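Enquirer: Return a 3D structure for these sequence lines:
(chains A, B, C and D)
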Protein chains: 2
Amino acid sequence: MKADQARDRGSLRRTNLGSVLRLLRGGPRSRAQIATETGLPKPTVTSLVGELVGLGLLREGPAQREGAVGRPGTLVQLDGRDICGIGVEISTSYVHVLALNLGGEPVFEHRTEVAVADQDAEDALDLTARAIRACGAALERDGVRPVGITLAVPGVIEAPAGVVDYAPGIGWRDVAVVEGLRSRLGPDTPPIAVENDAKLCALTEYLLVEDPDVHDMVCLTGERGIAAGIISAGRLLRGATNFAGEVGHMPLDPERRPCVCGRAGCWEAMVGLDAIMELAADPDDEVRDQKRPLEDRFRTLHLRAERGDERTSRALARVADDLGLGIALLTDVLNPRVVVLGGYFTHIGDLMLERVREVVRGRVIAPDAGGCQVVLSTLGFTAAARGGAFLALDSVYEDPADVA
Amino acid sequence: MKADQARDRGSLRRTNLGSVLRLLRGGPRSRAQIATETGLPKPTVTSLVGELVGLGLLREGPAQREGAVGRPGTLVQLDGRDICGIGVEISTSYVHVLALNLGGEPVFEHRTEVAVADQDAEDALDLTARAIRACGAALERDGVRPVGITLAVPGVIEAPAGVVDYAPGIGWRDVAVVEGLRSRLGPDTPPIAVENDAKLCALTEYLLVEDPDVHDMVCLTGERGIAAGIISAGRLLRGATNFAGEVGHMPLDPERRPCVCGRAGCWEAMVGLDAIMELAADPDDEVRDQKRPLEDRFRTLHLRAERGDERTSRALARVADDLGLGIALLTDVLNPRVVVLGGYFTHIGDLMLERVREVVRGRVIAPDAGGCQVVLSTLGFTAAARGGAFLALDSVYEDPADVA
DNA sequence: GGCTGTTAGTTCGGATTCTAGTCAAACTAA
DNA sequence: TTAGTTTGACTAGAATCCGAACTAACAGCC
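Expert: Numbers count the residues shown, from 1 in each chain, chains lettered A, B, ... in the order given. Below you'll find the model as predicted:
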């Protein structure tokens, strides 16, 4: 049978420190507001806030002045200017380094355009290490201390081991990323982790969604491969061995064309980047020129569809149908509140969204699709790196007292 | 952004009381063992155990005697003989009432054979209420106090509202079960809840699995409909509106025959009870005689397959393929450690298991199916009622001090 | 200006709970 | 019998939360 860990006394304080800190991610508020929102008594809040201010994680802001009667409260807000998390996204065409301070504001950002797939994994790690070192130097100059680094990689990750099992988009197989970076960056480097890019996008989407009642989400990142980051009951769903969300090869239709994995009917063979391109244009068409930037190619496609080009419209409709089918399936299984479309869908999804929603409504067994809403991501290409930075900062939110 | 609830002081004690209690579900142990396993100091354990003994939830057992040096410990074990949870499964052909005491031992069990679908929902509730009253009377005679009642219903449940939205197997639609039972049973009845039978089966399977490292499971209950109970990271996955696990109508193959829901390609139209029966036998065959008990019909089928009957073997192979396909899909999404086949699969699954495993191994994208094992349930038809009783007992494990 | 009412935040003491140290008890092995 | 080991209880102490009372800082009104 199952048992869970007992809690010692210190963990109570840690939990409450973290609660206050996490609450303030949603914006500044007064001690009294914190007390009502957390349910903690005011003296406790005073004590917690005092400790967090002492740790340099919070600072007092201006007095709250809203014309209300009574003494105005002094706002307390996240400080953490001298603490940050680093997220590094290794994508097919770029390496993106992003450092966020505790308040979620970027304190460093740099994007290196590079065709990662064209080089050796070792070379890519060299490049990544250089980018991280540059970031570290800039942060040190500004007096900001990184508390962790998380890499976002589009592929199957063994997160506990720090190994990328298989990332076809960048041509990696069995790459010990964490070990490789640690040896390059030296022993003084903060903790390094790797995670699937879709999972990190999901984390970002979840943390930034406004509606406080959303705790179940599915975030799809569509490039050549399709992957999902799943948030369930406010937690990132990882599964037994961190493979959860590998939805690209879900068998949806045995009659369809074969997938790169050798099997038939995989979802990503129906809605992945290659599928939509092949449906929409002939091989020699400019939109299928892999040397052109992806955004430009989709801009062309978008234009064609708006002008009423029939082949483009048919292609979009077909992909929308298949996308809706897979989303309906995921909704049957997971019953999310929101499904977010990221990846290439952000470029062209506006033309498919209505149809996708229609399919989902019609296909999910729960009435009204279980209240599920399909939306487009608004985060752009920074989502994965941002999620990495958030994850790196997580240790601070888990145990604020530990930063010292 | 997201915030979670802060913890007050009392919750620490409650948590630790619950920890000790849950730990002891795994069998008796001495205070010193509890201390090492929970990480709590020995005096704390003494205090916690003392309180739990005072509450009548634990009792001291015999001295531990294992030939080791040193003073032998006195074993402490779950008592809770005078406390129980009641689980009631409302199935197509019976109403099963099961009361389990804290240690998980049955203290009352009664099964009423009845074709629930043939009567009005109100009549079924009358019958259920009578069964519960009989159970309550027997418990009162034995001096056992029920702390909660959970109904297991095969259908789509709005658990928070206590309403069964749709349960085709028993012909229910929009039945306010909790309200209906509470009004019939009177105000002195312990808290009543409803939950999907597959979810409750999953709970039972999870609590009874021996391997302490299994925290991600999918449990399939297959009758005419197919549903899944999903355990992820040790928690029952419910989704945003409690519809998670409604896998019966996942679209798997648009070419297949239509489902009762009107759509094509639903999983349960491929592997549900009707599907296997139609594949295996002609309409006038004895195995398709709905008046015969299900077990007998499957015994016949089993016999035929063993004797090498080709049609039966082909049917089993076909269903095994489709079952494997859906399980592979769920494994891609959820990456469970174990998939448990319940429902009718317990009768005939032994003949399909090897083939199912083969399909899953071949179809899941994660290497070695992400370590996922497909097994048959060994719990028989009591799983759902047992899960209900466990869920009813959960309040005790959550807050042991509250039983008084 | 001064009074009143209202809300914010702090101080203080008490209650609860965990925790470190100590010790008697109960047993095995030599 | 003696030495050694482990268990479980007792006590004192520390950390934390929490309720009540208190001060502080305003707005509105006379």
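Enquirer: Can you show me the CA trace of stretch A:278-287 as PDB?
Expert: The C-alpha trace of stretch A:278-287 is given here as PDB (Å, rounded to 0.1, in the frame of the first residue of the first chain):
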ATOM      1  CA  GLU A 278       2.500  18.600 -48.400                       C
ATOM      2  CA  LEU A 279      -1.200  19.100 -48.400                       C
ATOM      3  CA  ALA A 280      -0.900  22.800 -49.200                       C
ATOM      4  CA  ALA A 281       1.700  22.900 -51.900                       C
ATOM      5  CA  ASP A 282       3.800  21.100 -54.500                       C
ATOM      6  CA  PRO A 283       7.400  20.100 -53.600                       C
ATOM      7  CA  ASP A 284       8.900  23.000 -55.600                       C
ATOM      8  CA  ASP A 285       6.600  25.600 -54.100                       C
ATOM      9  CA  GLU A 286       8.300  28.400 -52.300                       C
ATOM     10  CA  VAL A 287       6.400  27.700 -49.100                       C
END
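Enquirer: So what's the gap between that stretch and the chain middle?
Expert: 30 Å (C-alpha atoms, centre = their mean, to the nearest Å).
Enquirer: Which stretches in chain A count as helices?
Expert: A:9-24, A:31-38, A:42-54, A:121-141, A:177-185, A:197-208, A:267-271, A:273-280, A:294-306, A:310-334, A:345-348, A:353-363, A:383-398 (DSSP state H).
Enquirer: what would the ones you listed look like in CSV with mean neighbour count and distance to chain B?
Expert: C-beta: built from backbone N, CA, C; applies to glycine. Below are the helices of chain A laid out as CSV (neighbours: other C-beta atoms under 10 Å in any protein chain shown; distance: least, C-beta to the nearest C-beta, whole Å):
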stretch, mean neighbour count, distance to chain B
helix A:9-24, 20, 4
helix A:31-38, 18, 4
helix A:42-54, 17, 9
helix A:121-141, 17, 18
helix A:177-185, 18, 17
helix A:197-208, 26, 6
helix A:267-271, 26, 9
helix A:273-280, 20, 16
helix A:294-306, 17, 24
helix A:310-334, 22, 5
helix A:345-348, 22, 19
helix A:353-363, 18, 6
helix A:383-398, 26, 10
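Enquirer: Including mean pLDDT and distance to B:Leu279, could those go into TSV?
Expert: Formatted as TSV, those follow (pLDDT from 0 to 100; distance: least, C-beta to C-beta, whole Å):
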stretch	mean pLDDT	distance to B:Leu279
helix A:9-24	89	53
helix A:31-38	90	57
helix A:42-54	91	64
helix A:121-141	96	49
helix A:177-185	97	48
helix A:197-208	96	38
helix A:267-271	94	27
helix A:273-280	94	33
helix A:294-306	95	44
helix A:310-334	97	23
helix A:345-348	94	39
helix A:353-363	96	25
helix A:383-398	95	46
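Enquirer: Using JSON lines, lay out the ones you listed together with distance to A:Ile83.
Expert: Output for the helices of chain A, formatted as JSON lines (distance: least, C-beta to C-beta, whole Å):
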{"stretch": "helix A:9-24", "distance to A:Ile83": "11"}
{"stretch": "helix A:31-38", "distance to A:Ile83": "20"}
{"stretch": "helix A:42-54", "distance to A:Ile83": "12"}
{"stretch": "helix A:121-141", "distance to A:Ile83": "10"}
{"stretch": "helix A:177-185", "distance to A:Ile83": "19"}
{"stretch": "helix A:197-208", "distance to A:Ile83": "17"}
{"stretch": "helix A:267-271", "distance to A:Ile83": "38"}
{"stretch": "helix A:273-280", "distance to A:Ile83": "38"}
{"stretch": "helix A:294-306", "distance to A:Ile83": "34"}
{"stretch": "helix A:310-334", "distance to A:Ile83": "34"}
{"stretch": "helix A:345-348", "distance to A:Ile83": "31"}
{"stretch": "helix A:353-363", "distance to A:Ile83": "39"}
{"stretch": "helix A:383-398", "distance to A:Ile83": "7"}
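Enquirer: Show the contacting residues for the residue nearest to the spatial centre of chain A.
Expert: Most central in chain A under C-alpha atoms, centre = their mean is A:Cys201, positioned 1.5 Å from the mean C-alpha point. Shown in contact with A:Cys201 (C-beta atoms under 8 Å, 6 or more residues apart in numbering or on different chains): A:Cys219, A:Thr221, A:Gly229, A:Val340, A:Gly342, A:Ser377, A:Leu379, A:Ala383, A:Ala384, A:Gly387.
Enquirer: Give me the subset of these that lies in strands.
Expert: If you go by DSSP state E, the contacts of A:Cys201 have A:Cys219, A:Thr221, A:Gly229, A:Val340 in strands.
Enquirer: With adjacent residues omitted, what lies nearest to the last one?
Expert: Closest residue in space to A:Val340, ignoring its immediate chain neighbours: A:Cys219 at 4.4 Å, by C-beta to C-beta, 6 or more residues apart in numbering or on different chains.
Enquirer: same check, this time on A:Ala115
Expert: What sits nearest to A:Ala115 in space, not counting adjacent residues and going by C-beta to C-beta, 6+ apart, is A:Ser93, at 6.2 Å.
Enquirer: Distance-wise, check the residue in chain A that DNA strand C sits nearest to relative to DNA strand D.
Expert: Of all residues in chain A, A:Gly70 sits closest to DNA strand C, at 2.0 Å by C-beta to the nearest atom of the strand. Counting by C-beta to the nearest atom of the strand, to the nearest Å, the gap between A:Gly70 and DNA strand D amounts to 5 Å.
Enquirer: next one: A:Lys42
Expert: 6 Å.
Enquirer: Now do the contacts for that residue.
Expert: By C-beta under 8 Å, 6+ apart, the neighbours of A:Lys42 are A:Arg31, A:Ala32, A:Ala35.
Enquirer: Phi first, then psi, for whatever residue of the stretch 1-150 of chain A ends up closest to DNA strand D.
Expert: Here the residue of the stretch 1-150 of chain A nearest DNA strand D is A:Arg71; by C-beta to the nearest atom of the strand that distance is 2.9 Å. Here is the backbone geometry of A:Arg71 (degrees, to the nearest 10): phi -70, psi 130.
Enquirer: before we move on, what about A:Pro212?
Expert: Here A:Pro212 shows phi and psi, under degrees, to the nearest 10, equal to phi -70, psi -10.
Enquirer: for the one 4 residues further on, same thing?
Expert: In terms of degrees, to the nearest 10, the main-chain angles of A:Asp216 are phi -130, psi 110.
Enquirer: domain parsing for chain A?
Expert: Structural domains annotated on chain A: A:9-78, A:83-195+A:383-403, A:201-380, as defined by automatic domain parsing.
Enquirer: first vs last residue of the second one, how far apart are they?
Expert: Counting by C-alpha to C-alpha, to the nearest Å, you get 9 Å between the two ends of domain A:83-195+A:383-403.
Enquirer: Say whether DNA strand D is contacted by it.
Expert: No. For domain A:83-195+A:383-403, no contact with DNA strand D is found by C-beta under 7 Å from any atom of the strand; the gap never falls below 8.0 Å.
Enquirer: coming back round to it: my read: the residue nearest to A:Val340 touches A:Gly343, true?
Expert: No. Between A:Cys219 and A:Gly343 there is no contact under C-beta atoms under 8 Å: 9.6 Å.
Enquirer: Looking at these two now, which is surrounded by more residues?
Expert: A:Cys219 (30 against 27; other C-beta atoms under 10 Å in any protein chain shown).
Enquirer: do you know how far that one is from A:Ile90?
Expert: 18 Å (C-beta to C-beta, to the nearest Å).
Enquirer: Go ahead and confirm A:Arg9 touches B:Arg9.
Expert: No. Contact criterion C-beta under 8 Å: A:Arg9 and B:Arg9 do not qualify, at 9.6 Å.
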